[in-house]
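> sequence-free structure coming up:
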């Protein structure tokens with residue numbers, strides 16, 4: 001049985017409704033499948049997942065944003081898990097979802113596919129976390145990949 005939603009969680013869920021369509025579109029942009037609101041976890045479950053303690057940084061790479069093959073290679077080399085919770089902007093207000101990193105994630109996502117330009121992936125066993133932070137500097141687009149392990 002799931003815990004009862006707190007007043008603060010209810011307010012966030014109601015607040016998140018106004019962004020739900022936009023959030024689902026962003027998720028669909030970076031995934032290989034379309035996402036529906038019924039695929040999202042509850043705010044209660046999302047909060048429990050988001051409370052994890054970050055492990056130790058074991059690897060960090062800064063690569064060209066366009067070099068997605070290098071991204072795939074880095075993740076294949078350093079990541080053992082397949083299933084992850086995906087966090088982007090509005091995940092805490094709309095709910096996160098579980099994905100298979102190597103079949104559901106669109107490694108060829110575009111620079112403008114997300115408003116926040118940060119993607120956090122947390123393994124469902126909480127042992128691995130990947131932060132993808134992409135940005136532009138001097139008209140060059142970069143992708144910073146940080147891998148944490150507990």
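Done, it's in. Remember, it's a predicted structure, so these values are computed and weren't measured experimentally.
> for the closest residue to residue 16 other than its chain neighbours, list the residues it contacts.
What sits nearest to residue 16 in space, not counting adjacent residues and going by C-beta to C-beta, 6 or more residues apart in numbering, is residue 93, at 3.1 Å. All C-beta spots, glycine's among them, are computed from the backbone N, C-alpha and C. Applying C-beta atoms under 8 Å, 6 or more residues apart in numbering to residue 93 gives the contacts 12, 13, 15, 16, 19, 43.
> which residues touch the nearest residue to the fifth one once chain neighbours are set aside?
Residue nearest to residue 19 in three dimensions, not counting chain neighbours: residue 90, with 4.8 Å by C-beta to C-beta, 6+ apart. The neighbours of residue 90, taking C-beta under 8 Å, 6+ apart as the test, are 16, 19, 22, 23, 26.
> for the chain, give me the ranges with low pLDDT.
1-2 (pLDDT under 70).
> how about the helices in it?
With DSSP state H as the criterion, the chain has helices at 7-17, 20-30, 43-50, 68-78, 91-94, 101-104.
> among those helices, which is nearest residue 131?
Residue 131 sits nearest to helix 68-78 of all those, at 11.9 Å, using C-beta to C-beta.
> re earlier: for the residue nearest to residue 19, phi and psi?
phi 80, psi 0 (degrees, to the nearest 10).
> and of the helices of the chain, who's closest to residue 56?
The nearest among the helices of the chain, by C-beta to C-beta, is helix 68-78 at 12.8 Å.
> many thanks, have a good one.
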